[in-house]
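K.L.:
Pasting the sequence and the predicted coordinates here, then a few questions.
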Amino acid sequence: MDHLLSWIIWLPVIGMGVIAFIPRDRSVLIKQIAAIVSGVQLILAIYLWYVFDASNGNLQFMERVEWIPSFNITYILGVDGLSLPMVFLMALIGFIGIFVSWNVTNAVKGYFSLFLLLNTGVMGVFLALDFFLFYIFWEVMLLPMYFLIGMWGGPQREYAAIKFFIYTLAGSVLMLIAVLALYFTCGNTFDMLLLMERAPIALNGMLWWGMSAIKVIWVLLFIGFAIKVPVFPFHTWLPLAHVEAPTAISVILAGVLLKLGVYGMLRINYTMLPDGVFWFAGALAVLGLINVIWGAMCALAQKDLKKLVAYSSVNHMGYTLLGMAAVIAAAEMNGANLISAQAGLGGAVFQMFNHGTISAMLFILVGVIYDRAHHRDIEGFGGLASQMPIYTAFVAVAFFAGLGLPGFSGFVSEAMIFIGAFPVFKTVVIISTLGILLNAAYFLWAFQRMFFGPANEKYNELPEINSREVLTLVPLAVITLVLGVYPRPFLDLVAATLNVLIDSVVSFGGLAAGM
Amino acid sequence: MITGNFTTDACLLILFLPLLAFVINIFFGKRLPRQGDWVSIGAILITLVLALSLFVEMLSNWNYKFSHEVYFSWIDLGAFKIDLGFWVDNITIVMLLVVSLISSMTHIFSLEYMKGDVRYNRYYAYLGLFTFSMNGIVLANNLMSLYIFWELVGVSSYLLIGHWFEKHSAADASKKAFLTNRVGDIGFFIGIMIMFTAIGSFNFQQLFDGVSNELISGSLLTLAGLGLFMGAVGKSSQFPLHIWLPDAMEGPTPVSALMHAATMVAAGVYLTVRLFPLFTVDALTIIAYVGGFTAIFAATIAITQNDIKKVLAYSTVSQLGYMVLAVGVGNYVAAFFHLLTHAMFKACLFYGSGSVIHAMHHSLHDMHDHDTDPQDMRNMGGFKSKMPVTSMTMTIATLAIAGVPLFSGFLSKDAILAGTLSFVQSNPEHWILALFGFSAAAITAFYMFRLIFMTFYGSPRMPKVFDGIHESPKVMTYPLVVLAGLSFFIFYTVPYFNPFKDYGWFTKLIKAGNSAVPGNPTAKEIYDGVHYAHDAAMMLSLLVAALGIGLSYFMYYRKSLSAEAWSKRAGFLYNLSLNKYYFDENYNKFLYQPFLRLSRAVAYVDWDLYDKYFINGFGYVTKILSKITGRLDFDGLDQTLVDGIGRSAQGAGKNLKTMQTGRLQNYMLFALIGVIIILVVQIT
């Protein structure tokens, strides 16, 4: 199939075009079209997974079309082991999200149009290999998100939306500066593949205002991406955006959008500024630790279930940073410990995916109870286990997956991250293993308060989780469970790319001795 | 993993049949006839038969060096690899038999005990999940599988302790158990990381090889060993993480027998037995102290408890301390021996207490009395005549735990005490370990007979309740009889017959190996030391057992010594013991509550200070700045200058005015354009 990647990216926009011609009162038809489009996209993503050559760590299915030749802007797409799982995750969660949104009644046409546009933006970021294109998609994604939170969100939706927008835009601005800096220093090109080759050499020893150019660009890009992850201290937009966003948007936000930050760092910082990786790895590990502990402690103190889950994202994404930092173990000066680099980086990539499935489950489940009880106050429930046993079972699965219980995929990635990062950052890792306890503490405490104890008579009539909701959860639960029991299907897919990435970091890193 | 080998296939079935029962019962149990209890019982009985056949094969092979390992690749990233698999040797086989036997008994006992429970199918499902996880620990050939199943055991314990989650106390206890175990697991995982970093493998054999090749040594190895041991401290409820086990008694009693007496809590001891070759002398010394202290510490709590299950719970903590002590002094075969005998008599005691509670419960239920505590021994007394089987079997098990000759506990406890004595003889500075060991033995004999006398002897304290007491039905008494039978020495000494020596299949087939740590005492040195200390230890242990039983007899049977008077006389100590040395209160006051307050403070800083003032501060500052620029622009530029130039420029002025929309994204855009211009100028 030609232009497979383009199809995956643009299919939702085609769906948007079709929806544009549907009268606004045909809401079911609009939902059906959105579902079909996302369904086809998911099939294409699965097909891509199937035809992808896992033994090849380089970019595959490349597409290259001249776009704005006067500025050397090209439409370049490609997929490797780093982006493939993210494309699949977006397709899956995008598809599930349609069904999670099924009971949206207000301005259905606008909602689903924006929802599909968001999908295109995210897919574009994962697949674009031209920096300008990457940036365009990055901004495209922002716009529908702003409206989806601002128009279909909770009581404080406008505040949340503008905060989300400005915060992310501030990051984008920094990123844009970095993009332009790379453009001008590396021979006027936005082509990421060329930049990967040229940037480490071109920036070698270059000083701006007395500072190493590599460090300046690294920091600009890092902050831009860190806001998205979100890395402490750029994280406070997240709980607000999550709490106010409609369920499906929280699901996409936590499930996929947060990964864009980590993906960006790995795709751009790691390949174009390998020296910066060595310079910054320690800070990355410490920031990861802060995310883990700070996020967990904030989660422990929450009374709003959705905010708890939001802070759990801060906590879980912290592990990814820790794993990413472990990549420097493979360098000569760190004992060429390839085992540790693979475990850490592999764990980070796996954790991105696992957090995607697990946090999506968590947010769907928050939505389920909110739709019924119209509040999310943890203390306001109690004894739900005897009133909604099936719902309770799903929450138990999601919470146990979230607290890193073996048998669920989150455990494998977290264990890999710890094992990988340990040889390089012993103290940081030892402190962050406190997360093992804290994760369990906030999830189990919330679980006890909501589900255990004598039944609250107020909720005797609460309807049990319905089959539509169950169907949105089952695929995620199955993936989490299967990869937790046997992670090789995922890890084999990314192994070759991990090695390419580690190689590029290690062989270019340390090139610029006087960084 | 290659199949076709009998051992491998049997182990696979032993592992996965209970899991299958779990899956069937959790999804379809409600719709099956009898809520699917027969599925679970069928699965566990097949498992038992398979475990028995492995055991028989082991006896017929009579090979103490038997070892069988299979594995498959779980993760392979090129350099980073994890293989998971089984390691089957004689210890594994014995342990598999223990787990499947006690689990079978629990399944059968529960038929009556849990009859009519609201979540009957889930109860059986969780028993299957537990059996699966426990067997997983037993079969593991590497630290990663061990950790995986370790956590799964933790979660099955969580689910079963919280089976009656409507009760706040049960919900609290289940959470406490899980979290306390996780504290231990932090250390466990750090230990795993240290070992993996040094040796590059999780596999036990490769770790042992790595240690004997000194890839890791000295204080780092001590630290790794203590980390791994922390896992055992959590799971085996050792001091200072012992707090969860007594609370875990909130679970149904058959579960207490299976998990919180015989198997799950023994997993920590099993771990230390398995990993014994990795521990340095320093690590072992600390292990010995933790175990010895726990043994005496928990025993002193058990003497004042009135809840029949709480007595047994503290007794379990104390006995586990014994086993840990035995590992610490190097005599890990004795630890495993005591694990085996203890599993039988302690499970018997728990089933017995379950039988008593069941009878109490029914009697109280018939009287419509919902206030009397059916577990409080002060409401019992004289039950011997009403419950002869329960009384007889519990007495046998009590004789075993007290270390009376002819019973299994005598042999294993004697082995532990001999090991401790021998250790102290060669390391006199650690004399207190022997004191811990022997005095704990005396106290154990005392409080166990106290339990028997208070429950079964004397005159009924609540005659009305007593009238309604009946012996439990056969599905409950048969497991009692089986396990009481297995508390006799003969099952552990065949084919020999000497009730004073542990000489038999166990000592022949379970042989201690040498430690992998260079410089540690060899297995032979330890064995010889134990051999020399044996007779003295036996005499002493007989003496202390007689002392404990005698004191109990005079205090609670003849009542020639008044328990009340003595408790008043030692009021301070009595209260310490009764209140479990106030550990729960102090942990709550000095750990949980401060941490919760800290978390709340962190959340407050995060949300109400940092975000509200610092982050939003940027917004306010930008707004103020934009107002100032707007004012300058409009009042200064537009009104004075532009108007001064003339009405022709007014249109332009209005256009500028519209830019002060107060929308931050517009300002951002302007800022962005400005930055780009500066950058372009700077670079070119």
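P.N.:
Received it, and whenever you're ready, just let me know what you need.

K.L.:
Contact partners for the residue in the stretch 151-300 of chain A that chain B sits nearest to?
P.N.:
Using C-beta to the nearest C-beta, A:Thr236 is the residue of the stretch 151-300 of chain A that sits closest to chain B, at 3.7 Å. Bear in mind the C-beta positions are built from the backbone N, C-alpha and C, glycine included. By C-beta atoms under 8 Å, 6 or more residues apart in numbering or on different chains, the residues touching A:Thr236 are B:606-607, B:610-611, B:615.

K.L.:
Next: A:Tyr263.
P.N.:
Applying C-beta under 8 Å, 6+ apart, we find A:Tyr263 in contact with A:82-83, A:86, A:125-126, A:352.

K.L.:
what's the closest of the residues you listed to chain B?
P.N.:
A:Leu82 (13.8 Å).

K.L.:
quick one: the residue nearest to the closest one when sequence neighbours are not counted from chain B, how far?
P.N.:
Residue nearest to A:Leu82 in three dimensions, not counting chain neighbours: A:Thr497, with 5.3 Å by C-beta to C-beta, 6 or more residues apart in numbering or on different chains. When C-beta to the nearest C-beta, to the nearest Å is applied, the distance between A:Thr497 and chain B equals 11 Å.

K.L.:
and A:Thr497, which of the three is it?
P.N.:
Look at A:Thr497: counting by DSSP: H, G, I helix; E, B strand; the rest coil, its state is helix.

K.L.:
tally of neighbours for it?
P.N.:
The number of residues packed near A:Thr497 is 26, by other C-beta atoms under 10 Å in any protein chain shown.

K.L.:
Over to B:Met539?
P.N.:
Counted with other C-beta under 10 Å, B:Met539 comes out at 10.

K.L.:
Next, the contact list for residue 137, please.
P.N.:
If you meant another chain, say so; for now it's chain A. Residues near A:Phe137 by C-beta under 8 Å, 6+ apart: A:120-125, A:128.

K.L.:
wrong one, I was asking about chain B
P.N.:
Listed by C-beta under 8 Å, 6+ apart, the contact partners of B:Ile137 are B:146, B:149-150, B:153, B:267, B:270-271.

K.L.:
Of those residues, which ones also sit close to chain A?
P.N.:
Applying C-beta under 8 Å from any C-beta of the partner chain to the contacts of B:Ile137, one finds that B:Phe149 fall near chain A.

K.L.:
What about the contacts of B:Ile137, which are in helices?
P.N.:
B:146, B:149-150, B:153, B:267, B:270-271 (DSSP state H).

K.L.:
most surrounded residue in those?
P.N.:
Using other C-beta under 10 Å as the neighbour test, these are led by B:Trp150, with 29 neighbours.

K.L.:
Which pLDDT value goes with that residue?
P.N.:
Looking at B:Trp150, its pLDDT reads 95.

K.L.:
and what of B:Ser103?
P.N.:
pLDDT for B:Ser103: 94.

K.L.:
wait, doesn't it sit right on B:Leu258?
P.N.:
Yes - assessed by C-beta atoms under 8 Å, B:Ser103 is found in contact with B:Leu258 at 5.9 Å.

K.L.:
okay, and the common contacts of the two?
P.N.:
By the contact definition C-beta under 8 Å, 6+ apart, B:Ser103 and B:Leu258 are jointly contacted by B:127, B:130.

K.L.:
and which of the contacts of A:Phe137 is nearest chain B?
P.N.:
Chain B has its nearest neighbour among the contacts of A:Phe137 in A:Gly121, at 16.9 Å by C-beta to the nearest C-beta.

K.L.:
Can you pull the residues of the stretch 151-300 of chain A lying near chain B?
P.N.:
Residues of the stretch 151-300 of chain A lying close to chain B by C-beta under 8 Å from any C-beta are A:162-163, A:165-167, A:169-170, A:173, A:176-177, A:180-181, A:184-185, A:208, A:233, A:236-237, A:239-240, A:294, A:297-298, A:300.

K.L.:
Would you mind listing the buried residues in stretch A:49-64?
P.N.:
A:49, A:52, A:54, A:57, A:59-61, A:63 (16 or more other C-beta atoms under 10 Å in any protein chain shown).

K.L.:
For chain B, give me the ranges with low pLDDT.
P.N.:
Residue ranges of chain B with pLDDT under 70: B:1-4, B:642-672, B:674-676, B:678-684.
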